[in-house]
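**Student:** below: sequence and its predicted model.
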Protein chains: 6
Amino acid sequence: MNARTAFDDLFERRLTYPDFEPQARLARLVGLDVQKSRLSKILGLLVNSNGLEAWANRHHGGAQATLEAILRRPPLVVLAGDVGSGKTELAETIGDSVARQEGIDITLLPLSLSTRGQGRVGEMTLLLSAVFDYAFEQASRLKGGGGRSRGAIIMLVDEADALAQSRENAQMHHEDRAGVNAFIRGIDRLANARLPAAVIMCTNRLSALDPAVRRRAADVLTFDRPNDEQRRFVLQHLMSPLGINGPHLEALVAATGPVRGTRDYGFTFSDLTQRLVPSIILDAYPNSPVVGQRAIDIARSILPTPPFRDGEQR
Amino acid sequence: MNARTAFDDLFERRLTYPDFEPQARLARLVGLDVQKSRLSKILGLLVNSNGLEAWANRHHGGAQATLEAILRRPPLVVLAGDVGSGKTELAETIGDSVARQEGIDITLLPLSLSTRGQGRVGEMTLLLSAVFDYAFEQASRLKGGGGRSRGAIIMLVDEADALAQSRENAQMHHEDRAGVNAFIRGIDRLANARLPAAVIMCTNRLSALDPAVRRRAADVLTFDRPNDEQRRFVLQHLMSPLGINGPHLEALVAATGPVRGTRDYGFTFSDLTQRLVPSIILDAYPNSPVVGQRAIDIARSILPTPPFRDGEQR
Amino acid sequence: MNARTAFDDLFERRLTYPDFEPQARLARLVGLDVQKSRLSKILGLLVNSNGLEAWANRHHGGAQATLEAILRRPPLVVLAGDVGSGKTELAETIGDSVARQEGIDITLLPLSLSTRGQGRVGEMTLLLSAVFDYAFEQASRLKGGGGRSRGAIIMLVDEADALAQSRENAQMHHEDRAGVNAFIRGIDRLANARLPAAVIMCTNRLSALDPAVRRRAADVLTFDRPNDEQRRFVLQHLMSPLGINGPHLEALVAATGPVRGTRDYGFTFSDLTQRLVPSIILDAYPNSPVVGQRAIDIARSILPTPPFRDGEQR
Amino acid sequence: MNARTAFDDLFERRLTYPDFEPQARLARLVGLDVQKSRLSKILGLLVNSNGLEAWANRHHGGAQATLEAILRRPPLVVLAGDVGSGKTELAETIGDSVARQEGIDITLLPLSLSTRGQGRVGEMTLLLSAVFDYAFEQASRLKGGGGRSRGAIIMLVDEADALAQSRENAQMHHEDRAGVNAFIRGIDRLANARLPAAVIMCTNRLSALDPAVRRRAADVLTFDRPNDEQRRFVLQHLMSPLGINGPHLEALVAATGPVRGTRDYGFTFSDLTQRLVPSIILDAYPNSPVVGQRAIDIARSILPTPPFRDGEQR
Amino acid sequence: MNARTAFDDLFERRLTYPDFEPQARLARLVGLDVQKSRLSKILGLLVNSNGLEAWANRHHGGAQATLEAILRRPPLVVLAGDVGSGKTELAETIGDSVARQEGIDITLLPLSLSTRGQGRVGEMTLLLSAVFDYAFEQASRLKGGGGRSRGAIIMLVDEADALAQSRENAQMHHEDRAGVNAFIRGIDRLANARLPAAVIMCTNRLSALDPAVRRRAADVLTFDRPNDEQRRFVLQHLMSPLGINGPHLEALVAATGPVRGTRDYGFTFSDLTQRLVPSIILDAYPNSPVVGQRAIDIARSILPTPPFRDGEQR
Amino acid sequence: MNARTAFDDLFERRLTYPDFEPQARLARLVGLDVQKSRLSKILGLLVNSNGLEAWANRHHGGAQATLEAILRRPPLVVLAGDVGSGKTELAETIGDSVARQEGIDITLLPLSLSTRGQGRVGEMTLLLSAVFDYAFEQASRLKGGGGRSRGAIIMLVDEADALAQSRENAQMHHEDRAGVNAFIRGIDRLANARLPAAVIMCTNRLSALDPAVRRRAADVLTFDRPNDEQRRFVLQHLMSPLGINGPHLEALVAATGPVRGTRDYGFTFSDLTQRLVPSIILDAYPNSPVVGQRAIDIARSILPTPPFRDGEQR
């Protein structure tokens, strides 16, 4: 690892917005309007801080000092919540919304699992440094004048707890600790240079994140399991083409929610799309069509993924 | 380990279907019809996705978007359940069913225990990478045009928890963590290339699997201990040639089931075939024939294997 | 690391007082008058011990022996308290007050996170030795005659528990232990040379500090969450430019304090400035002005950071 | 360890049956008739499977498929039970019974403690591989035609839990895990080649054995503490030459059994032979003869070895 | 570390008695008369054993055998007690008393923290061996004839538990264990040579000392927190020059003692001198004189250091 | 450590019996008659097995088989009991009794603490192998014909638990495990060669000994705290020369025993000789004689060493 680590070792792939596919996926993410709005605002301000000043001038003349409280926040947002609650899906698609809103191109760089290294001393530090070097260089080219950029970079750290886990843990390995330090330095470096770059971390173990990382987060957005309305939207989208509608659909919505006296949680988004719908189809395939009552029976026989118990409030 | 690791270090052996022996073994696996059907459908779709489209066209015209929910799932199935519940037996024989159904040859590659390596840094990662390289290469040659392959590869990971154990465990060794990462990358690589290759993992500790591995599973099939009917089938097959039938056989079925007030679980499949029947034979051998009442007494004196307590629902 | 480690590897940056910016920040730190006064006195005496003798002569002639109890204390002060209670802010700005009071220049050197090293044997010891070598050399040049210096050095160790954690912990790594020893030697060396240099440690885990480090502390200043008056001051400063005053402001003060029967703690300083105010602004942006009632609703929906439970009294 | 490890590093010694000494020791092992019979049958079938077929033909014509359930079992037997219950004694002498019954020579190879190695990476794996290589080679020469061998090899693994302990244990060292894998491969290799070789494992911690090892065991024979009859036999054999008989002997039998309200377990076999009898003799030596009442008093003053609590049923 | 380690790496400094400064400090140590007397007798006998014989001849003719019980004890004394109870102060000054009593020079060598090394294998052993080599050589030159020495060496091991912690601790590192062994050998070597050298260990965790070390201790002197009389003496000494006397002083004595119903322990010696008095002075400085009632208020607002809970009686 | 390790690294010293000093010390060991007698018989038989045969011929003609139960026991005796109960004292002096009884010279070799090594891989194994090589060679020269030796070797392992601790402990280091194996091999080697050599292990943590070591022990002798008679003997021996007799002595005996309702254990032997008597003398020295009532007061003020709680019966 003497030479610069290659792009493929650092990132899983490169996504560019605007694009049709993420736009469609983002549109399908129902019930997350608060998170969508907030995240796109935060990211938008990183790219174009003029907007905020214009807003303040229009509504609150002379509030410049207060605005600084926002503009000086590090470009780090944490998406926290249960497995299958849509965190990663939002993180992978929100760039499209921002790109369209600001009229620029945005690049998403999901960190590769490889950046955790393989346990060699200093390896994770080197890899993370390379990650931030790359992002820094790319974002530097996109920085524009007058608080407005020509583009932006978003780095995505999925399952972030594995990377930036708490140094409070006494057993924590020096190697991991060094990695957390490298991560913090990378965030601070982006912040100090005021580059159009942001980092999104997804985690289902908010309390496992290193406090020094959490403290730097500009915002922590929380995600819950889908409620009735959200499940109905998803199920309708997938089951309607199979002819499941009306009372059958409502029964599916009920069967996938919390069950009084049995469990206090319902299906996750991915329980619906990855487990329930395929089970219904495979049950019918190859000889029968999908039938409403049978689909309901299958839904009742599947147990939703148990919630990850993290022991910490937002 | 500079050079490519040899086949013998990576896999225990190579099995090819269709073949008489697995066909017979699969036929003897009673009471697992749900699992058989589901697993052969999943594997069949990997080989020939045309089937699903034909089915949709026939029954649900225009449901293409919904079908994607199935076709995009990673080619990974987890078989979870108690020791001796038939997981491994099904995994080793289901290929025959798929091969006959689709009219192609299927190769089963059971991972060698050696792939866990011997604790040298980076070793497990190298071995698993070699495993997936081999499977990737083999499957690439089998890929056909038009959603239909000329053959398929199934990799079998028995006792998968030892290989892909949860990174939630704080004490987890970097070496193991790197191995899990290599495994995930391998799965993703097969999925992205849409090759006719699948991975079957067997485990009796579902909760010990790494969440990132479980999340990728297209399906998790669970296995329970045999019920009365299943035990009767097995015992009849083995004891009838020894002259044990009728009431004696029924008494054996009862003696190997749960016992009210004493234990809430009965014999596993392997308790029946590996422990009970040999005990009955060896007791009689070499001087006496097997006698019904004596066989029943022996069955009552044997305690079934205690269930593995995993602490997690399906 | 054969050659002397560079400044940039040891310290995050270099701050010099007096300066306008820290003066303004210090002025904004309301409700910490006791800590401000005490810390500036302690630091002032390090620079100019003549003051204390003059005071004693004026008020308590002949109390020279008693004064020694103060003057011989090691130049180490610990600031302990909850996350977001203003510890670091005070540590980064108090130098301005002392510099103005004594009419000299003061330099603040915040230790870099890098000084924790990356786990190589002996590395932390080398880094900390280099840190103290540098401070020793700088302070030596500033030492004046007659108990009065021409300037002073303040080293800041934020999140000090990570660096100087208790050797009582049986699992403590030798590497860390050696680092604590190097730290203690550095403190003692500054004390013995009676140089115009002090070390400020900030921690939210007072009990995690090594006893040998705590015992050397001249003083331990504790920080609590802001009370009503302090929160009112902060909120007025930030929200008044947005037009939030009077009853609305009071409602914000109440909403950010402890809530009877629900929680016994209120917002931290940083909860107010980093989370509440940005949330209020982003909620309104870009289309609406900030409105009082909506701001209050937002304040009620945010949970303050839970206190760090350290299990030890001052 | 480049060259092949020498015999002396792998095995403690080499015992050959039939021989007078083990014949006498086996005869003295009272109360273990079930275990003796079963173990000699299992080992006998490994050497001469013709016996079983002949039996089946005589009593159960056409039961060939059922016989396979026995003949395909791996050549591994586990002897489990308390310290001093006769496990090792039986394992070291049963070969004589089989040798005489089948009219062939049998060699017993007890694994040396050295095979656990000294903690060097890969060492245990190398040693165990060498062990099985040796046994494989020896047994290959003894394999005969027609299901009948000219001799047989028995490997004895005493205190087997130390060697093949459970991989369920999360703290398990990679080195140990690799050793377990090597052991399993060795067993499987012997089984696949259908060689006249068997492995006997003795353990007092059945639950500590690796599940993958236990699952391969053809049989698990359990050993309990001697009952009245067994203790009487042993004591008579040893104490009668010293003139202790009749009521005195009966009192010794009672004193070495469970004591109502005090303890629910009696003396182990080795408590009797290694501790009680020597204590009685040394008490009398050198000036007095052994006297009955005194012997009884001594027996009452000795506490039997506490049972090893394993927490698992057979 | 090939060459002999330098003095500065082994000891913090060198103190020689008699001297004015330790004499004054020893005089100020009130309430420790029992410990002073006992420690000076033990050390005195190491230097001049003639005294004991003379005493025995005078009072108990012929008790030579009994005297051996004292004279053969290893030259190791443990001072055990709470933080701030005066252990170290006594250890650093008692040499003056012995030096004056016996009319010789005594050298105190406090072990450097560096002797704990930095975790390199064998390092602590080497350092401790060098420590004892040095002491052995120095003391050899001072040994006189006829049971009377020309001088003496006292080694001081402060915070001894960190150095000689219990080997009972299963997690203890081999490196530490080797260090304990080196320490024991050093003590034994001094004892066997009957040199005028002693080791004083100070610890606030008596139970953490290695049993093999404790067993060698000629005496274990325990230290408690100051009682009313002792606190009065200390406070009068420091506060009287500031004009605090009479009822105000008594109120300070009461405020620094145990408080019924609140806490069962009072201030330590160092709580009084290092925390209370400086707080009172800094509160008044620079504008006001110290005032009695304000001093009492301050005393009431300070919490004494919590006792170290060691869980073991003397 | 390529060459043979020197004697001084392996053993603390070499003691030869018969000698006056151990004879006197052994005579002072009151209340241990059972242990003395038993240990001298066991050791005597190792040197001269003719004695046992002669005894059997005289009293129990034809009991040769029973005698083998004693003569075949490994030459290992464990002395187990509380700190200060006289284990080590007996182990260091019993050789004199055996030497005089058998009319030969006996050499005692106490293992050095160094044999535990300093944690280097393989070091403890090498050192222990060297220890047994040395003992083996020495004992071989002493072996005589006809069951009678010309001398004998006794190895003493004090604090044996540190060396031979239980492999049951899952955390046990491979290095330690290898050391236990080396120890067991050494014992077995001496036993097989029937050399005039024995090993005495002293421990206060019987349950911490490795089971494989304990199982090999020919005998486990337990030691308790001194009862009234034993304390009286010791105190009389030491205090009578100081003029303490009669009622004063009885009061000392009572004060050093268990105290009803306060503690259920009395003083250990070493509490009496190492702590109580020196405290009484130093209290009187240098100006007063020892006075009875004062001695009793001192005895009442001293707390005996708390028993080591091992949690295991004999």
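**Tutor:** The structure has been received and is ready for your questions.
**Student:** okay, now the unreliable bits of chain A?
**Tutor:** For chain A, applying pLDDT under 70 flags the ranges A:1-6, A:8, A:113-124, A:161-178, A:181, A:211-212, A:308-314.
**Student:** tell me where it has strands.
**Tutor:** Under the criterion DSSP state E, strands of chain A are mapped to A:15-17, A:76-81, A:105-110, A:151-157, A:197-203, A:219-223.
**Student:** off-centre distance for the second one?
**Tutor:** Translated: strand A:76-81. Mean C-alpha position of strand A:76-81 versus that of the full chain (CA atoms, centre = their mean, to the nearest Å) differs by 7 Å.
**Student:** so, in contact with chain C or not, it?
**Tutor:** No - if you take CB under 8 Å from any CB of the partner chain as the test, strand A:76-81 misses chain C, and the best it gets is 11.6 Å. All C-beta spots, glycine's among them, are computed from the backbone N, C-alpha and C.
**Student:** partners of that strand in the sheet?
**Tutor:** strand A:197-203 (parallel), strand A:219-223 (parallel) (DSSP bridges).
**Student:** tell me the contacts of residue A:46?
**Tutor:** Contacts for residue A:46 were tallied using CB atoms under 8 Å, 6 or more residues apart in numbering or on different chains; they are A:75, A:149, A:152, A:196-198.
**Student:** can you count the residues close to the nearest residue to residue A:256 once chain neighbours are set aside?
**Tutor:** Closest residue to residue A:256 in three dimensions, ignoring its sequence neighbours and counting by CB to CB, 6 or more residues apart in numbering or on different chains: residue A:267, at 4.1 Å. Other residues within reach of residue A:267 by the criterion other CB atoms under 10 Å in any protein chain shown amount to 27.
**Student:** for residue A:192, same thing?
**Tutor:** The burial metric for residue A:192, expressed as a neighbour count using other CB under 10 Å, is 10.
**Student:** tell me how far it lies from residue A:111.
**Tutor:** In this structure, residue A:192 lies at 21 Å from residue A:111, with CB to CB, to the nearest Å as the measure.
**Student:** what do you get for residue A:96?
**Tutor:** According to CB to CB, residue A:96 stands 20 Å off from residue A:111.
**Student:** who's in contact with the most centrally placed residue in chain A?
**Tutor:** Closest to where the C-alpha atoms of chain A average out (CA atoms, centre = their mean) is residue A:91, at 3.2 Å. Contacts for residue A:91 were tallied using CB under 8 Å, 6+ apart; they are A:79, A:156, A:158, A:200, A:202.
**Student:** OK, contacts around the fourth one?
**Tutor:** Taking CB under 8 Å, 6+ apart as the definition of contact, the neighbours of residue A:200 are A:39, A:76-79, A:91, A:154-157.
**Student:** could you find the closest non-adjacent residue to it?
**Tutor:** Nearest-residue entry for residue A:200: residue A:91, 4.8 Å, with adjacent residues in sequence omitted and distances by CB to CB, 6+ apart.
**Student:** quick one: that neighbour from chain D, how far?
**Tutor:** If you measure residue A:91 against chain D using CB to the nearest CB, to the nearest Å, the figure is 32 Å.
**Student:** equivalent analysis for residue A:105, please.
**Tutor:** Applying CB to the nearest CB, the value for residue A:105 to chain D is 47 Å.
**Student:** do the same with residue A:307
**Tutor:** Residue A:307 sits at a distance of 24 Å from chain D (criterion: CB to the nearest CB).
**Student:** from what I can see residue A:188 touches residue A:76, true?
**Tutor:** No - Residue A:188 sits out of contact with residue A:76 when judged by CB atoms under 8 Å, with a separation of 9.8 Å.
**Student:** so those two - more neighbours on which side?
**Tutor:** The residue with more neighbours, out of residue A:188 and residue A:76 and counting by other CB under 10 Å, is residue A:76; that gives 27 against 16.
**Student:** and the more buried one, what are its bridge partners?
**Tutor:** Residue A:76 forms beta bridges with residue A:199, as assigned by DSSP bridges.
**Student:** list the contacts for it?
**Tutor:** Neighbour list for residue A:76: A:187, A:198-201, A:213, A:216-218 [criterion: CB under 8 Å, 6+ apart].
**Student:** and the residues you listed, which two are furthest apart?
**Tutor:** Greatest spatial distance among the contacts of residue A:76 (CB to CB): A:198 and A:213, at 14.5 Å.
**Student:** what about those two, which has more around it?
**Tutor:** Neighbour count, other CB under 10 Å: between residue A:198 and residue A:213, residue A:198 has more, with 28 against 24.
**Student:** just give the nearest non-adjacent residue to the more buried one, would you?
**Tutor:** residue A:75 (4.1 Å).
**Student:** if I look at the one you found, how far off is residue A:183?
**Tutor:** Spatial separation of residue A:75 from residue A:183 under the definition CB to CB is 13 Å.
**Student:** again with residue A:231
**Tutor:** Taken as CB to CB, the spacing of residue A:231 relative to residue A:183 amounts to 36 Å.
**Student:** now do residue A:222
**Tutor:** For residue A:222, the distance to residue A:183 equals 22 Å [CB to CB].
**Student:** next: residue A:12.
**Tutor:** Relative to residue A:183, residue A:12 is positioned 17 Å away (CB to CB).
**Student:** so which of the two has more stuff around it?
**Tutor:** Summary of the neighbour comparison: residue A:12 and residue A:183, criterion other CB under 10 Å, with residue A:183 having more neighbours (28 against 17).
**Student:** please tell me I have it right and that one contacts residue A:128.
**Tutor:** Yes - look at residue A:183 against residue A:128 with CB under 8 Å: they come within range, at 5.6 Å.
**Student:** endpoint to endpoint, stretch A:68-77 covers what distance?
**Tutor:** Stretch A:68-77 has an end-to-end distance of 18 Å (CA to CA, to the nearest Å).
**Student:** which positions in that stretch come out as buried?
**Tutor:** Within stretch A:68-77, the residues that count as buried by 16 or more other CB atoms under 10 Å in any protein chain shown are A:69-70, A:73-77.
**Student:** now find how far off-centre that stretch is within its chain.
**Tutor:** Computed by CA atoms, centre = their mean, the separation of stretch A:68-77 from the middle of its chain amounts to 18 Å.
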